[in-house]
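Enquirer: I would like the atomic coordinates for the input below:
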Amino acid sequence: MSQDQFTQELNHYPSNAPVGQKRRQLFAAMIGNVLEYYDFIIFAYMASLIARNFYQGDGATGLLASFATFGVGFLARPLGGAVIGRIADKYGRSLALKITIYGMALGTVGIGLLPTYETAGIIAPILLVIIRLIQGLAAGGEWGTATTFVVESAPAGKRGLFGALGQAAIASAQLVTSLVVAIVTIIFSEQQMVDWAWRIPFLLGAVLLPVGVYMRRNLEETPAFIASQANPSDNPKVPANTALRMMGQTFGFAIIWTVSYYVMLSWMPTFLNKQVGFTQTQALISNAIALAIMVATIPFFGALSDRIGRKPLLLACCAAFVILPWPLFYLVLASKTFYVVLAVQIVFNLFIAAFSGAAPSALCEIFPTASRTLLLSVSYSLSTAIFGGFAPFISTGLIDLTGMPISPAFYLILAGAISGLVIMRLRETARESLR
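Expert: Sure thing, here's the model as predicted:
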């Protein structure tokens, strides 16, 4: 697109575009986030059933294999972040968001249609890994692009709120996933779930695909992207050493976020089932209630970060994940009662909500517009791949290695300490303009 065309587009969608228009942009991105992350997360909730159908059992070995496959999807995320992030920075955020919705939904339907180990032998888990890699490529580009899109679309003084609403949509995907799996497990018997009903949540991706495509068909570019393309001299290329420093900050920043998210949300139902003795339905219901509270409170914390700054909330959450995991995990394992477990999950989820409210805008504010999506996507995806994608695998492995059900608490404590040290060194950016 020529500079004249970009200038015309900028005039069409100025930085003070009507709030209603920006809200439509936000809503379209949020709906896409819900659908996209439903597709990616459903695998973790079905881990034990996947283990029985693709890895010949849901004991420790089968679960480790299943969670390793879950983690494999995260290994492809940095590559997806690089490719799709580059597209977003060069050709536009809206184009990149349309690409990701196809890759994720088609991958989910593919899992629902796969033959099992019983019928296809070793080819079944091989195909499963390939599909997870495809999903990982799409997810790697989705988060950075969608987060950049909503933060850049925010009215003045509301980047924290807009970024939080985008993150609330992702958390909503966790909630939708919990509810879908809980409903399916209530309707069908355990044997039916093992035999064929496990496919139902995956095949719902076929329904979600046209919804996501429809919502994203008319996305307009953000004012920040249009301005950067129209005036490239105002957005020079970031020197390599500066880019690496920014990416390193993001990598460390995201460790506690991704570890807490995937331990306390994706892996927790399996922990409650295997270590606490909950039925799968009890574990999913408890998780869903705590998730609902988290989804409802993320926007509040995002708006709060616009008022008091990002760092106070972020550092408080890091401190909480250093102090609380050991006593709260001990309480869960000692009581093994539904309401105590629910209360503990709510406490953890409130701190995850506070971090999720402040983090999206804080991370976007680290990078300049011209390279924001690429650098953010790659660094965040690397952190997620290493620390988050394998969080269920690491947590299950720690218990298997030590024989201590409480051992995953140490993973949370270490993650909280590392991210806290990184965030302490960042400057406060809540009241600065996007570069």
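
Enquirer: Identify all contacting residues around stretch 293-306.
Expert: Among residues not part of stretch 293-306, those counted as contacts by C-beta atoms under 8 Å, 6 or more residues apart in numbering are 157-165, 167-168, 171-172, 175, 313, 346, 349-350, 352-354, 356-358, 360-362, 430. To be clear about C-beta, it is placed using only N, CA and C from the backbone, and glycine gets the same treatment.

Enquirer: my bad, stretch 152-168
Expert: Applying C-beta under 8 Å, 6+ apart, the external contacts of stretch 152-168 come out as 19, 22, 25-26, 29-30, 33, 93, 146-147, 149-151, 222-225, 295, 298-299, 301-306, 310, 356-361, 364-365, 369, 372, 430, 434.

Enquirer: In helices, which of these fall?
Expert: Those of these mapping onto helices are 19, 22, 25-26, 29-30, 33, 93, 146-147, 149-151, 223-225, 295, 298-299, 301-306, 310, 356-361, 364, 372, per DSSP state H.

Enquirer: picking up where we left off before, of the contacts of stretch 293-306, which belong to helices?
Expert: Cross-referencing the contacts of stretch 293-306 against helices under DSSP H gives 159-165, 167-168, 171-172, 175, 313, 346, 349-350, 352-354, 356-358, 360-362.

Enquirer: Quote the end-to-end distance of stretch 428-435.
Expert: 14 Å (C-alpha to C-alpha, to the nearest Å).

Enquirer: how far out from the middle of the chain is it?
Expert: On the basis of C-alpha atoms, centre = their mean, to the nearest Å, stretch 428-435 is displaced by 24 Å from the centre of the chain it belongs to.

Enquirer: List the buried residues in that stretch.
Expert: Across stretch 428-435, burial judged by 16 or more other C-beta atoms under 10 Å covers Thr429, Ala430, Leu434, Arg435.

Enquirer: quick one: average confidence on the host helix or strand of Val109?
Expert: Mapping Val109 onto the secondary structure by DSSP states H and E places it in helix 93-113. Across helix 93-113, pLDDT averages out at 84.

Enquirer: what's it packed up against?
Expert: helix 19-45, helix 77-91, helix 123-152, helix 199-203, helix 205-216 (3 or more C-beta pairs under 8 Å, 6 or more residues apart in numbering; DSSP states H and E).

Enquirer: Adding mean neighbour count and distance to Ile187, write those helices out as TSV.
Expert: Converted to TSV, the helices and strands packed on helix 93-113 look like this (neighbours: other C-beta atoms under 10 Å; distance: least, C-beta to C-beta, whole Å):
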stretch	mean neighbour count	distance to Ile187
helix 19-45	22	15
helix 77-91	23	33
helix 123-152	24	25
helix 199-203	19	9
helix 205-216	17	17
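
Enquirer: Find the nearest non-adjacent residue to Arg77, please.
Expert: Nearest non-adjacent residue to Arg77, counting by C-beta to C-beta, 6 or more residues apart in numbering: Gly140, 3.4 Å away.

Enquirer: same question, Leu203
Expert: Gly112 (3.9 Å).

Enquirer: need the contact list for that neighbour.
Expert: Gly112 neighbours (C-beta under 8 Å, 6+ apart): Arg199, Ile200, Pro201, Phe202, Leu203, Gly205, Ala206.

Enquirer: what do you get for Gly92?
Expert: Glu221, Phe225.

Enquirer: how does it look with 10 Å?
Expert: 1, 9, 98, 145, 149, 219-222, 225-226, 229, 373 (C-beta atoms under 10 Å, 6 or more residues apart in numbering).

Enquirer: just Leu63 next, same as before
Expert: Contacts here follow C-beta under 10 Å, 6+ apart; on that basis Leu63 touches 47-48, 50-52, 55, 57, 270, 274, 392-393, 396-397, 400.

Enquirer: Mind doing that once more with 8 Å?
Expert: Contact analysis of Leu63 by C-beta under 8 Å, 6+ apart lists Ala47, Ser48, Ala51, Thr270, Lys274, Thr396.

Enquirer: Could you tell me the per-residue confidence at the first one?
Expert: This means Ala47. Note on Ala47: pLDDT of 76.

Enquirer: can you pull the contacts of the residue at minimal distance from the centre of the chain?
Expert: Most central in the chain under C-alpha atoms, centre = their mean is Ile170, positioned 6.1 Å from the mean C-alpha point. Shown in contact with Ile170 (C-beta under 8 Å, 6+ apart): Asn33, Val34, Tyr37, Trp143.

Enquirer: Tabulate the residues you listed (a markdown table), appending distance to Met424.
Expert: Putting the contacts of Ile170 into a markdown table (distance: C-beta to C-beta, whole Å) gives the following:
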| residue | distance to Met424 |
| --- | --- |
| Asn33 | 30 |
| Val34 | 33 |
| Tyr37 | 30 |
| Trp143 | 24 |
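
Enquirer: Pick out the most distant pair among the residues you listed.
Expert: Greatest spacing in the contacts of Ile170, by C-beta to C-beta: Val34 and Trp143 (13.1 Å).

Enquirer: What's the end-to-end length of stretch 218-238?
Expert: OK, stretch 218-238 end separation, C-alpha to C-alpha: 31 Å.

Enquirer: Check which residues of that stretch are buried.
Expert: Judged by neighbour count (16+ other C-beta under 10 Å), stretch 218-238 contains these buried residues: 219-230, 235, 238.
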